[in-house]
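Participant: Structure of the sequence below:
(3 chains)
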Amino acid sequence: MASDAAGAAKTTYREAMREALREALRADDRVFLMGEDVGRYGGCFGVSLGLLEEFGPERILDTPLSESAFVGAGIGAALNGMRPIVEIMTVNFSLLALDQILNNAATLLHMSGGQLPVPLVIRMTTGAGRQLAAQHSHSLEGWYAHIPGIRVLAPATIEDARHMLAPALADPDPVLIFEHGSLYNASGELGPPAGPVDLDHAAVRRPGTDVSLITYGGSLPKALTAADELAADGIDAEVVDLRTLRPLDGRAVAASVARTHRAVVIDEAWRSGSLAAEVSARIAEDSFYELDAPVERVCSAEVPIPYARLLEQAALPQTADIIAAAHRAVD
Amino acid sequence: MAEFTMPSLGADMDEGTLQEWLVHAGDPVRKGDPVAVVETAKSTIEVECFEAGRIGQLLVTPGTTVPVGTPLARIEPLAEADTPTEPEAPAKPARPPRPPAAEGARSTARKPSRRKPTPLQAPTATGPPPDHDHAVEHRGHGDEGPLVRHLAEEAGIDLDTVHGTGRGGRVTRADVGRAAAAARSPARVTPYARRLARELGVDLRGLTGTGPDGTVRASDVRAAAPGPTTPPTPQSGGGVPARASAVRRKEGMREAIAGLMSRANREIPHYYLSTSIDMATALDWMHEHNHHRPVGERLLPAALLLKAAARAAREVPELNGHWLDGRFAAAEEVRLGVAVSLRGGGLVAPVLRNADALELPQLMSQLKDLVARARNGRLRGSEVADPTLTVTNLGDQGVEAVLGVIYPPQVALVGFGRVVERPWAVNGLLGVRPVVTASLSADHRATDGAVGARYLTSVDRLLQSPEEL
Amino acid sequence: MTSVRGTHRRKATMGADVATRAERRGELLHAMLRIRRFEERCVELYSAAKIRGFVHLYIGEEAVAVGVNEALTAEDAVVSTYREHGHALARGLPAEAIMAEMYGRATGCSGGRGGSMHLFDAGRHFYGGNAIVAGGLPLAAGLALADRMCGRSRVTCCFFGDGAFAEGEFHETANLAALWGLPLLFVCENNLYAMGTALQRHEAQTDLALRAASYGMAAWAVDGMDVEAVERAARRAAEGIRGGGGPYFLEMRTYRFRAHSMYDPDRYRDKAEVERWKARDPVTRLADRMREDAEPVEDLLGETERQVTEEIDAAVDGAERAPEEPVESLLQHVTSLRTEAT
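Facilitator: As a prediction, the model looks like this:
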């Protein structure tokens, strides 16, 4: 990480996430990191590289390939005074721990009449684009956003990668952080922290007046690129980064639609029953009289993500699809 | 041979009066088709037949009261190739018609209880020839059933202008429905455009949509709006619109007024004239007129002023119309905008159409209705659309004279102040008279002061002969 | 070391020889009868529609909860199953709080959110009835992990049934606990049926202790119908865990006398089998043993019955009179900080 004179530093999403972990481990003895290959291997995606050496095996725990056991252990440790960060390699593997996440983490507080909050952070990789085929590439964060009792985050920028972890750890309830695999190598300037990062609000990443491109996570860079290209066509697109998928910032969505009167929702998950469907429904509920065109959705094709590059790319929302959808809404 | 009988529409119904036949002898009918209108002790109901076939002899004439179960008409079986076509089916000549007999039979068998069976293909030139029996062969406009005529009348539609898709070009109920819908509004309007139209006072009728399938969108409404083209913008990060909509509507209106008035001030070179008008004759006449009438039917001075303003506009057509594309376009009718200030702030100008031709009581009741609904936010889009001259009467606000700003693209604004008693000299004698100050703001691009003077003089003259208003 | 048992707090009287064996046996008897009579009342109340939902009865298995509890301190943690009335009562949750919970009342130990299957008491480290078979095991491992990380000398005791042996979560947790040497006491209540499926119909290898031992932890089978045997085994295991010996596994061979739940017609078991096990009823067995050893029993039983009835009457009365949880509180406790609007 190289700093320039102004205090901004060139870094990557991966390094920003690692720096956030390092900061959390330094700040609080109760914090520990647990997951498959987070220690000696350095993390499947290299996020936790070097942390074992710095913090030792008592705080950087390599686990057996037992998603249910180590996620459940994270829940138990959280109940018992710790602040665990559990890493699951990919969202597809999280299904092996779904019982613990849904039936315990999200439920214990309520089922116990408020006695048992679970201050647990679970991080996992999501999304496609790296030719990892159908068991490593899906975007299931929308499923988790369905569950009351947990908070679901989707950091899409280097700033959020760096700064969302601390407030997530401060949350007394379970927080799931979805890191899109295609973002880890994203690089850019990371300025000094601009005050505490809030986990309740979406962010307008690019203001515009003609159409709202509403998205999150790995689709944000595509939406921003699309907005740039739309500008060349004379369409001034606003890009809204949802950031927090649960609780969803419906007000921000409504405010943006009130400015632009047209919405394109971009979501790498499958269209049916997706988060994009939820956002669209909110728009229909909250912004009906603002709409000057039907809501457009750009989602993945309803197919298990295939391996072959051409097929995979064809299955995913692409910049061109976003541009086309925006044109349909505006033209 | 089946019979269509007076149905029992309730346990307590013993008899019914046949009001109207919706079919003629010889008409093919389908199960579930409405065939007659029956009046019972409780209501008037369209009744349907439960047999498919052809109406035979009509046994009962309209106006007759008969007991339940009395045969009203005979229904004859259809010949095999004789299945009736669905009278309500829209014509879609692009699609190849299916053999009507088979389709009809299947459809009926499949959904025996449905009131409206699956619409069938209407016969077209390329299809198999429909059944032409003598009774229906020559039917065309003018031969429509009473129900269709009634519906058309209700919707204010001239049947001669409606394309009939029924047998022999007969206009069907569906045709009337479509024509009525077309007269009402464009095919599709986006929710935002509809809202915007209401806020900007744009009549959606006649608007051409530029969206997919002719959908009217916000840009179409703005293009048609008389005023500013800036859409109302909510505060950034604003709340959920459903909750804030009232506030935003108000903000939107303020902004619309701001835009419109700025444009007027920027573009229109105004000139102003005013005159004082003796209202004694007009008010005496009005009081006499009101004397024997119930409160609800009494006239107010505003009605007289508006009527005079409208008649004067007819007399001085140079002020009644719009400044468009650098020239004045006179309007054919006087659509008198009446500025109504709203309680929460802002104002709208609902339109009295053909105000110069309205009888005073009519004008008065329309005025009351428009003002009440304007203040409740219940105006229809058409009622604020396209005024040709606007009157602002601030008399009830206590001022004596109004020098207003013209609503573009209109070219004049008439103002009336409060009717006040003033010393008034007539023929060298001084008296006390009720006096109103009438003013005119006019667009110097369209007219000069002489025209404006002619207008105010007309208003004065008209008010001196109130019985002729 | 302090044992907590219902309304009866006992001074540390570890010297069994001093505090007379009879006294100690009397307390065990009381604890078991308390559970038995409480659950019999549950049947009555369920039939009267006072209690709804699924209710799973522990009758017949009381020796396990009572015996294991003898080995636990007030600081130790317990994770339980949906058949947990006995564990909760043995752990010291007030009978009234449990009854009120089954009534769905505001004073219930889970504020009316849980019902029979989800009794919680954070203050007593009772981490609940978990109604997902084996679902409590990973959580128990985490409780133990935190204790080890913080250097606390505490045992986490996790109850589960033989049915959990067919679940991956048991095996994942057994492996993890043994691998990491977690202070976790596995107590398998082998009542021979996973709901209606007999052990030999759901496990290829029915020697559960043997299988647990394969994970590299101490494991042995215990007569779960003998409360004193259970207590001895649990004490040995708990001492081993506290001494840093990692997890221990106890297979409690026991039997439920009643059906799986209230609606269960119990068609999958031979009546004769049930009768055979009833002959080993842990309550009468202990009483018989006391008689054999010429310890006074009859008066004790009468007095115990009287006390237990009084306590349960009071619990039912309290539950009957307890307020309903207001509907306005519906969205409470979904998250800690905010009332979820989304």
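Participant: residue boundaries of the strands in the stretch 1-150 of chain C?
Facilitator: C:4-5, C:8-9, C:77-81, C:126-130 (DSSP state E, counting those that start in this stretch).
Participant: Where does the prediction get shaky in the stretch 51-200 of chain A?
Facilitator: Residue ranges of the stretch 51-200 of chain A with pLDDT under 70: A:195.
Participant: and C:T304, which of the three is it?
Facilitator: Recorded secondary structure, C:T304: helix (DSSP: H, G, I helix; E, B strand; the rest coil).
Participant: Quick check, it in contact with C:H30.
Facilitator: Yes. In this structure, C:T304 is within contact of C:H30 by C-beta atoms under 8 Å, at 4.9 Å. In this view, the C-beta of every residue, glycine as well, is placed from N, C-alpha and C.
Participant: all strands in the stretch 1-150 of chain B, in order from the N-terminus.
Facilitator: With DSSP E, counting those that start in this stretch as the criterion, the stretch 1-150 of chain B has strands at B:2-5, B:15-21, B:28-29, B:34-39, B:44-48, B:53-58, B:65-67, B:71-76.
Participant: Among the ones you listed, which comes closest to chain C?
Facilitator: strand B:44-48 (45.1 Å; C-beta to the nearest C-beta).
Participant: that older thread, ranking the strands of the stretch 1-150 of chain B by burial, who's on top?
Facilitator: Among the strands of the stretch 1-150 of chain B, ranked by average contacts under mean count of other C-beta atoms under 10 Å in any protein chain shown, first place goes to strand B:28-29 (a mean of 24).
Participant: quick one: strands adjacent to that strand?
Facilitator: Strand pairing for strand B:28-29, determined by DSSP bridges: strand B:53-58 (antiparallel).
Participant: got a list of contacts for the partner strand?
Facilitator: B:1-2, B:4, B:21, B:23-29, B:35, B:72-78, B:82, B:84 (C-beta atoms under 8 Å, 6 or more residues apart in numbering or on different chains).
Participant: mind running it again at 7 Å?
Facilitator: Residues from elsewhere that reach strand B:53-58 (C-beta atoms under 7 Å, 6 or more residues apart in numbering or on different chains): B:2, B:21, B:23-29, B:73-78.
Participant: which two in these are spaced the farthest apart?
Facilitator: B:W21 and B:P77 (20.2 Å; C-beta to C-beta).
Participant: where along the stretch 201-331 of chain A do the helices fall?
Facilitator: For the stretch 201-331 of chain A, the helices defined by DSSP state H, counting those that start in this stretch occupy A:220-232, A:250-260, A:275-286, A:309-315, A:319-330.
Participant: Check those helices for me and report the most buried one.
Facilitator: The highest average neighbour count among these, using mean count of other C-beta under 10 Å, belongs to helix A:250-260 at a mean of 24.
Participant: what is the mean pLDDT for that helix?
Facilitator: The average of the pLDDT scores along helix A:250-260 is 97.
Participant: Does chain B have contacts with that helix?
Facilitator: Yes. For helix A:250-260, a contact with chain B is found by C-beta under 7 Å from any C-beta of the partner chain, at A:251, A:254-255, A:258-259.
Participant: For chain C, what's the nearest residue on the stretch 51-200 of chain B?
Facilitator: Nearest to chain C, among the residues of the stretch 51-200 of chain B, is B:P191, at 23.4 Å (C-beta to the nearest C-beta).
Participant: now could you export just the CA positions of the helix or strand C:E273 falls within as PDB?
Facilitator: Here C:E273 sits within helix C:271-278, counting by DSSP states H and E. Taking C-alpha atoms only, helix C:271-278 is exported to PDB below (Å, rounded to 0.1, in the frame of the first residue of the first chain):
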ATOM      1  CA  LYS C 271     -46.300 -52.700  24.000                       C
ATOM      2  CA  ALA C 272     -44.300 -55.500  25.700                       C
ATOM      3  CA  GLU C 273     -41.100 -53.600  25.000                       C
ATOM      4  CA  VAL C 274     -42.500 -50.500  26.700                       C
ATOM      5  CA  GLU C 275     -43.600 -52.600  29.700                       C
ATOM      6  CA  ARG C 276     -40.100 -54.100  29.900                       C
ATOM      7  CA  TRP C 277     -38.600 -50.700  30.100                       C
ATOM      8  CA  LYS C 278     -41.200 -49.500  32.600                       C
END
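Participant: Give me the distance from it to the chain's centre.
Facilitator: Relative to its chain's centre, helix C:271-278 lies at 22 Å (C-alpha atoms, centre = their mean, to the nearest Å).
Participant: Neighbours of the residue nearest to C:Y255 when sequence neighbours are not counted, how many?
Facilitator: The shortest distance from C:Y255 to any non-neighbouring residue, by C-beta to C-beta, 6 or more residues apart in numbering or on different chains, is to C:W277 (3.9 Å). Residues lying near C:W277 (other C-beta atoms under 10 Å in any protein chain shown) number 18.
Participant: how about the residues of chain C near chain B?
Facilitator: So chain C never meets chain B (C-beta under 7 Å from any C-beta).
Participant: any idea of the mean pLDDT for the helix or strand just after the helix holding C:E273?
Facilitator: On the C-terminal side of helix C:271-278, the nearest following helix or strand under DSSP H and E is helix C:282-292. When pLDDT is averaged along helix C:282-292, the result is 96.
Participant: what's helix C:282-292 in contact with?
Facilitator: C:22, C:25, C:28-29, C:32-33, C:36, C:62-63, C:225-227, C:297, C:301.
Participant: can you pull the buried residues of that helix?
Facilitator: Judged by neighbour count (16 or more other C-beta atoms under 10 Å in any protein chain shown), helix C:282-292 contains these buried residues: C:282-283, C:285-287, C:290.
Participant: which one of the helices of the stretch 201-331 of chain A lies closest to B:L429?
Facilitator: Closest approach to B:L429 among the helices of the stretch 201-331 of chain A (C-beta to C-beta): helix A:250-260, 65.5 Å.
Participant: Columns mean pLDDT on top of the strands of the stretch 1-150 of chain B, output as CSV?
Facilitator: Output for these, formatted as CSV (pLDDT from 0 to 100):
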stretch, mean pLDDT
strand B:2-5, 84
strand B:15-21, 86
strand B:28-29, 86
strand B:34-39, 83
strand B:44-48, 75
strand B:53-58, 87
strand B:65-67, 88
strand B:71-76, 88
